[in-house]
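**Q** Curious how this folds, go ahead:
(one chain, ligands or ions: 1)
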Amino acid sequence: MQYGYFDEQHREYVITNPNTPAPWANYLGSPEYGAIITVNAGGYSFVRSGAAGRILRYTFNQFDEPGRYLYLRDEETGDFWSASWAPVKKPLAEYKTECHHGTAYTEFISEYAGIRSRALYYVPLGSTHEVWSLQVENLSGRPRKISVFAYAEFTTESFYTQDLVNMQYTQFITRTEFLGDYILQHINEYCHRNPDGSNGSERFLGAAGAKVASYTGRREQFLGRKRFDAPQAVLDGACDNSLNYNGNPCGALQLRLELAAGGKKHAAFLLGQKTAAEARELLDRYQDPEKTVAEEKEALIRYWHGELENLKVQTPDDRFNVMVNTWNAFQCFTTFVWSRAASLIYCGERNGYGYRDTVQDIQGIIHLDPELARKQLTFMLSAQVHHGAGLPLVKYSHNPGHEDTPEQESYVKETGHPHYRADDALWLFPTVYKYIAETGNLAYLDEEIPFADRDVGTVREHLKRAIDFSMHHLGTHGMPAGLHADWNDCLRLGATGESTFVAFQLYYALNIMQAFCREEPEYVAYLQAEAKKLLQIINDTCFEDDRFIRGYTEAGQIIGSKKDREASMWLNPQSWAVISGGATPEQAEIIMETAHEKLNTPYGLEVMNPAYRFEAFDGAAMILFNPGTKENGGVFCQIQGWAILAEALLGHGGRAFEYFAESSPASFNEDADRRVIEPYVHGQFIEGHDSPFAGRSHVHWLTGTASTVMVGCVEGILGLRPTPEGILVKPAIPKEWDGFTMEKNFRGRKLRITVDNTAHKEGNPVRYILNGAERPVEVIPAADLLEENELTVIM
Ligand code: GLC
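**A** The predicted structure follows:
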C-alpha cells in the first residue's frame with residue numbers, strides 16, 4: 001500500500017495516510033538540541049545525548065508514545081481531536097490530514113469539523129529549543145470557540161534509563177511551577193543553585209501568541225485514568241491548574257481561541273532546557289508567532305536547501321532523483337552530524353563516534369559541503385593513536401593529544417572497547433582522497449594534526465602511520481590481520497587471521513598514498529613494492545575461479561570457499577576487489593557475475609550466502625541472528641553502495657542501477673507495507689530470502705548505508721569522479737535512458753552537464769563537448785573550467 005508521496009519541489013515527503021506500518025520519523029535540530037518526530041507526533045528531544053540528556057519521555061518499541069501533542073476541542077460540542085492524526089485518531093473518513101516531513105521540520109496540516117490546523121515542529125537553526133507552531137483556521141462559515149491543549153511529558157531527570165526504571169529516586173526529585181505563560185520544571189532544585197535561583201536543570205513548555213487559560217504540570221492530572229487518545233483534561237475542557245511535586249512532571253497548557261467565520265489564529269509553544277530567565281526571554285521573542293515562525297522556517301529551508309543545491313540531477317527515474325537530490329542527501333547530513341546518537345532504535349547510549357562509521361559518514365557529504373566534511377575529517381584524524389590505528393570509539397569529549405587508548409584499562413572501562421579493528425584507519429584513505437579531489441586542496445596533506453594520545457603530524461604522516469599499523473599487523477600469509485573485526489562486526493578472524501576485504505582496502509590505500517607522496521620517491525617505491533606483493537598474495541591465496549574468499553581464520557580455516565556448505569559466497573571481497581583496482585578486468589567480470597548469481601534478491605544483494613546455521617566457525621558471531629538477517633545473510637544495505645560503485649566502475653550501468661532500484665527506499669513507496677520503515681530513508685538491512693518477511697527493512701536513519709549508497713550513485717551511476725587535478729565524468733546508466741542532466745558546483749564553478757545517450761549504451765562515454773569544444777573522455781583539469789560550464793557527455 002502507498003501512504004504518501006515525494007514532493008520534490010518542496011523537498012518533502014508527504015504522508016497522506018497516517019496509519020503507516022511503523023512510526024515514520026524525521027530529524028529536527030542537531031545533537032546540541034535534538035528532536036525526533038514521527039507521523040504520530042511521537043518521539044523525543046534531548047540535549048547533547050539521547051541517553052544522558054533526555055528531556056522528553058518516550059517509550060521505545062511500544063505505541064510511539066508519548067509525543068508532542070496538540071489537542072483541539074470544540075467548546076460548544078465537546079468534540080476533540082489532535083493536530084496530528086494520533087493520538088486521538090479520528091476516523092480518517094472525516095479527518096483529512098497530511099504530514100509533511102521536510103528538511104529539519106515537520107508540519108501536520110489537518111482538517112476536521114470545519115477547522116483547519118497547521119502544526120509545524122522545528123528547532124530554529126543554531127538554537128537549543130524547539131517550536132511547535134500552531135495555526136488554527138475556521139473554515140466552517142460560522143463563529144467557533146476552539147480550545148487548544150499542548151502536552152509535553154518531561155523525563156524526571158536527564159538519564160533516560162533512570163527515568164524509566166529507578167523510580168524510587170527519580171520520582172522524588174522534581175516539581176513544576178507555573179509562571180504566567182509557561183510551566184517550568186525543576187530537577188534537584190536546591191542542588192548547585194546559582195545566584196539567580198537556577199541550577200541548570202530546568203526545562204519549560206511555554207505558550208506565545210495567546211493567553212494561557214489553564215495549565216497542569218502533573219501527568220496524572222492531565223490524563224486522569226485515561227490515555228493519550230482521550231485525556232481527562234481535554235474531556236473536561238480545562239486543566240485544573242495543579243502542579244507536580246514528586247511523580248510525573250509534564251507541561252500542559254490550554255489556550256482558548258475564538259474564531260470568526262474564516263478567521264485564523266496563530267500560537268506557538270516553546271520547549272527546551274532553559275532557566276526561568278532564558279525561557280522568559282525566548283517567549284518574549286515569539287510574541288508575534290506568525291512572523292517569527294515564518295522567518296525561522298524560511299531560514300531553515302534556505303540553509304538546508306542551500307546545502308542540497310550543490311548537486312541537482314534530473315534523470316528519467318524519479319526514485320533516483322528524489323533520493324540523490326533530497327532524501328539520501330539529507331540522511332547523509334543526519335548520519336554525519338548525529339552519528340549513531342539517537343533514533344527510535346538507538347537511545348544514544350554509545351557515548352561517542354565509531355571510527356569507521358564516522359569516517360565513512362563523512363564521504364556522504366563531501367560532494368555537497370566539503371569544508372564541513374573537512375572539519376570532521378580533521379577531528380577523526382586526531383583520533384588516530386600515535387601508532388596509526390583508529391580509536392574504536394571516539395568519545396564525544398575527545399581531547400586530542402591527551403586521550404587514553406585501548407592499551408589502557410581506563411579507556412576500556414569507559415568505552416568497553418579493548419581491541420583495535422583491522423579496517424578503522426584504512427577508511428581514511430578514500431575519505432581524504434575524496435575531500436582533496438572535490439576541493440583540489442592538496443595543501444591539506446601538510447596540515448598538522450595531533451594524534452589521539454601523543455605526537456603531532458601532518459595529514460600525510462597520519463596516513464603513513466595508518467599504513468604502518470596494517471603493515472605491523474600482518475597475518476600468516478602476509479595480508480592484514482583480522483584483529484577484532486573488519487568492517488563486518490560479526491567476523492572475528494582472530495589476531496592473525498586475515499580478511500580479504502581489508503587486504504583490498506590496504507591495497508587501495510597503498511595506491512592512493514602514492515599520489516599523496518610524489519615528492520618522496522623512495523617511499524613511493526616502497527608503496528609500489530608492497531602493493532605488488534600484497535596483490536600477489538591475495539591472488540595466490542584468496543582467488544577461487546569465480547570469487548575471492550572472505551579470508552582465513554587464525555587456525556588457517558578458509559572462510560567463504562566455494563566448497564563450503566554455508567557462507568560460501570560473500571559480497572564485500574568481490575566489490576572491493578573492483579573498487580580497489582585489485583581485480584584484473586577478467587576477474588572483475590567473473591566475480592561480480594557470481595555475486596549477482598549467488599547473492600542477488602528482489603531487494604538487493606545479500607551480504608553472504610547461504611546463511612550460517614550449522615557450520616559456523618568460532619568467530620562467526622553472525623550466527624546469533626536468524627538466517628537472512630543482518631550480517632547472517634541479510635541484505636546489508638550499506639554494501640549495496642559498494643556493489644553499485646563496483647558495477648559502475650566496470651561500465652555496467654544496468655547492473656549498477658538494478659542494485660540501486662532493488663534496495664532503494666523510494667522503490668517501496670507503493671509497497672510500503674513490505675518494507676515497513678520509511679520509504680524515504682535507508683535502513684541498515686533488509687531481510688533476505690531466508691526470512692518469511694523478505695523485503696522488510698530495519699534500523700532506520702542512522703546507518704552507514706546513507707553514505708555508501710550516495711557515493712555509489714554520485715561517483716558510480718552519475719559518474720562524477722573528481723580527482724586532485726580536476727574532474728572526470730563517466731556515467732554508468734541503464735541503456736534505456738535517453739540521457740539526463742545534472743548541475744554541479746565544483747570548486748566554486750558551475751557545471752551544467754547533459755548526458756546524451758542516444759546511442760543507448762550503459763557505460764564508457766566516448767567524447768565530451770566542453771563549452772563548445774570537443775575533448776576526449778579524460779580528466780578535465782580544473783584550470784580548463786570557466787565560471788559557468790556546459791559539458792555534454794556523449795555515451
Ligand atoms: C553496523 C556498524 C558498522 C559495521 C556494520 C557491519 O552498521 O555500525 O560499524 O561496519 O554494522 O557489521
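**Q** what's the longest helix in the chain?
**A** helix 521-542 (DSSP state H).
**Q** Quick check: buried residues in that helix?
**A** Buried residues in helix 521-542, counted by 16 or more other C-beta atoms under 10 Å: 523-524, 526-527, 530-531, 534-535, 537-538, 541-542. Just so you know, the C-beta spots here come from the backbone N, C-alpha and C atoms, and that holds for glycine as well.
**Q** Relative to the ligand, which of those is nearest.
**A** Taking C-beta to the nearest ligand atom as the measure, the ligand lies nearest residue 542 of those, at 20.3 Å.
**Q** ok, now how distant is the closest one from residue 576?
**A** When distance is defined by C-beta to C-beta, to the nearest Å, residue 542 is 11 Å away from residue 576.
**Q** OK, contacts around the closest residue to residue 363 other than its chain neighbours?
**A** Using C-beta to C-beta, 6 or more residues apart in numbering and skipping residues adjacent in sequence, the residue nearest residue 363 is residue 707, 4.8 Å away. By C-beta atoms under 8 Å, 6 or more residues apart in numbering, residue 707 lies in contact with 332, 335-336, 360-365, 641.
**Q** With residue 402 instead?
**A** residue 453.
**Q** How about residue 594?
**A** 546-547, 569, 574.
**Q** Over to residue 4?
**A** Per C-beta under 8 Å, 6+ apart, neighbours of residue 4: 13-17, 99, 669, 679.
**Q** Return the set of residues that bridge with it.
**A** residue 15 (DSSP bridges).
**Q** Please, which helix or strand holds the closest residue to the ligand within the stretch 251-400 of the chain?
**A** Here the stretch 251-400 of the chain gets closest to the ligand at one residue, residue 357, 4.9 Å apart by C-beta to the nearest ligand atom. Residue 357 is part of helix 355-363, with elements assigned from DSSP states H and E.
**Q** sorry, back to before: and the two most separated of the contacts of residue 707?
**A** 336 and 641 (15.1 Å; C-beta to C-beta).
**Q** Those two: who's more crowded?
**A** More crowded of residue 336 and residue 641, by other C-beta atoms under 10 Å: residue 641, with 30 against 23.
**Q** ok, now which ones touch the more buried one?
**A** 705, 707-712.
**Q** can you list these in CSV and add secondary structure?
**A** Formatted as CSV, these follow (DSSP: H, G, I helix; E, B strand; the rest coil):
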residue, secondary structure
705, helix
707, helix
708, helix
709, helix
710, helix
711, helix
712, helix
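**Q** Who wins on neighbours among those residues?
**A** residue 709 (33 neighbours).
**Q** From what I see, it and residue 637 are in contact.
**A** Yes - using C-beta atoms under 8 Å, residue 709 makes contact with residue 637 at a distance of 7.2 Å.
**Q** Are there residues contacting both of the two? Which ones?
**A** 663, 682.
**Q** Now do the helices in the stretch 451-600 of the chain.
**A** Ranges of helices within the stretch 451-600 of the chain are 459-471, 500-516, 521-542, 572-579, 585-599, based on DSSP state H, counting those that start in this stretch.
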